[in-house]
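Trainee: pasting a predicted model and its sequence here:
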Amino acid sequence: MNPILTQHPTTDPAIILQLRDRQYAAELIATALLRFDFFSWLQENEGTTEEAAAKYFQCENRPFDVLLTLCRAYGFITGGADGLSLTGMGKEHLVEGSPWYLGPYYTPMRDTPIVRTYLHVLGTGKPGNWRAKDTGADWHDSMREPAFAKEFTGLMNCRGLLLGQKLAESITPFLGERTRLLDIGGGSGIYSATLCAAHPQLSATVFEQAPVDRIARSEVGRHGLEDRISVKTGDMFLDEWPEAEIILLSNVLHDWDIPQVREIIIRAAKSLVPDGLLIIHDAFIDDDKCGPVEIAEYSALLMNITQGKCYSVAEYAGILAPLGFEIGSFNPTISKRGFVTAIKK
């Protein structure tokens, strides 16, 4: 087994991840500020509902929810579904006509490719082109191209070692006697590798579509874990999942909108044996959707390039509970990430 799997860093590189994760957040605020004049409108429509605001600006619910979450996290607005209001900072600095209005400071962002993409995403609910290019596919379609899949999987793999090792350590009290792990959308297999390295009783199956499946097989071999980790090729929405005692959804659900999230969890419920363990490992928005700031910023990135966003525990619970899952609490790990467990009853 590759010794790197059992070595652990002594520091938390949260800020390094955050610098990349927040790269689109300023453009989302610029979109609201300069292309919608959202804050001036809210000043004149104090107490408006989220639904009414989304309808007025002709925005789809998922991306508009991300925008409102980011604005709350930054302290620009307050309130929830029943009514939105500007904060003092929002009134003084984001409303046109205020002597301290800072809109002109954002003018250089007004027509950037990312702002144009946000207009598309907010209006249609569909992801923009990868890296805000004028031509090209979105992230989901791009992952079917071998060169892109290799690049992006490598990007996730370097982060996955760090996050996977901490997940493997933190999940220990929840595993019990369970031994069979199914890693859905497991990418390079790094999370299966770190879990198996930390827990000798585990064997794993990484479920991935082509061409990522070939990358996963190569990485599993590089880690010397071929005898404990297999790779099954398939589309998680179309193909049958193997039976499992543990299902890991690591950084998977945040790529999808609520209907697809529900479908994935329904499939997990069918695949898990009774008393099976579901692990949702991800970046989580607070239930009140007021933060954390770092995750609200990351959600803005995800909303731009995928069909998803960062979800709250409450949003997942609303899907899990009707399916008969017993839902655990949020468990923080490292770099503002964490996991939630659910037991199939």
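Mentor: On my side now, so go ahead.

Trainee: now the helix or strand encompassing residue 119: buried residues?
Mentor: Under the criterion of DSSP states H and E, residue 119 resides in helix 113-124. By 16 or more other CB atoms under 10 Å, the buried positions in helix 113-124 come out as 114, 115, 116, 117, 118, 121, 122. All C-beta atoms are positioned from the backbone trio N, CA, C, and that covers glycine.

Trainee: centre of the chain to it, how far?
Mentor: 19 Å (CA atoms, centre = their mean, to the nearest Å).

Trainee: which helices and strands does it pack with?
Mentor: helix 25-30, helix 61-73, helix 293-305 (3 or more CB pairs under 8 Å, 6 or more residues apart in numbering; DSSP states H and E).

Trainee: what mean pLDDT does that helix have?
Mentor: Averaged across helix 113-124, pLDDT comes to 96.

Trainee: can you check stretch 82-89 too?
Mentor: The model assigns stretch 82-89 a mean pLDDT of 96.

Trainee: residue ranges with poor pLDDT in the stretch 51-200 of the chain?
Mentor: 129-140, 142-143, 149, 152 (pLDDT under 70).

Trainee: where do the strands sit along it?
Mentor: Per DSSP state E, counting those that start in this stretch, the stretch 51-200 of the chain carries strands over the ranges 77-80, 83-86, 180-184.

Trainee: for stretch 310-324, which residues meet the burial criterion?
Mentor: 310, 311, 312, 313, 315, 316, 319, 320, 323.

Trainee: if we can go back for a sec, and of the strands of the stretch 51-200 of the chain, who's closest to residue 218?
Mentor: strand 180-184 (15.8 Å; CB to CB).

Trainee: what is that closest one packed up against?
Mentor: If you count contacts as 3+ CB pairs under 8 Å, 6+ apart, strand 180-184 packs onto helix 190-198, strand 203-208, strand 244-250, helix 258-271.

Trainee: output the helix holding residue 119 as CSV, nothing but the C-alphas.
Mentor: In CSV, the C-alpha atoms belonging to helix 113-124 read as follows (Å, rounded to 0.1, in the frame of the first residue of the first chain):
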residue,chain,number,x,y,z
PRO,A,113,-17.2,36.7,-19.0
ILE,A,114,-18.1,35.4,-15.5
VAL,A,115,-20.7,38.1,-15.0
ARG,A,116,-22.3,37.3,-18.4
THR,A,117,-22.3,33.6,-17.4
TYR,A,118,-24.0,34.5,-14.1
LEU,A,119,-26.8,36.3,-16.0
HIS,A,120,-27.3,33.1,-18.0
VAL,A,121,-27.2,30.8,-15.0
LEU,A,122,-29.6,33.0,-12.9
GLY,A,123,-32.0,33.3,-15.8
THR,A,124,-32.0,29.7,-17.0
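
Trainee: quick one: it to helix 293-305, angle?
Mentor: 80 degrees (axes from the mean of the first three to the mean of the last three CA atoms, to 10 degrees).

Trainee: what residues are up against residue 314?
Mentor: residue 287 (CB atoms under 8 Å, 6 or more residues apart in numbering).

Trainee: checking it next. Helix, strand or coil?
Mentor: helix (DSSP: H, G, I helix; E, B strand; the rest coil).

Trainee: so how far is residue 216 from it?
Mentor: To residue 216, residue 314 is 32 Å away according to CB to CB, to the nearest Å.

Trainee: try residue 160
Mentor: For residue 160, the distance to residue 216 - CB to CB - is 12 Å.

Trainee: cool, and residue 283?
Mentor: Residue 283 is 22 Å from residue 216, by CB to CB.

Trainee: between these two, who's got more neighbours?
Mentor: residue 216 (28 against 22; other CB atoms under 10 Å).

Trainee: residue 240: what's its closest spatial neighbour, skipping adjacent residues?
Mentor: residue 234 (7.6 Å; CB to CB, 6 or more residues apart in numbering).

Trainee: burial count for the closest residue to residue 37 other than its chain neighbours?
Mentor: Ranked by CB to CB, 6+ apart and with sequence neighbours excluded, the top spatial neighbour of residue 37 is residue 96, at 6.4 Å. By other CB under 10 Å, the residues close to residue 96 number 14.
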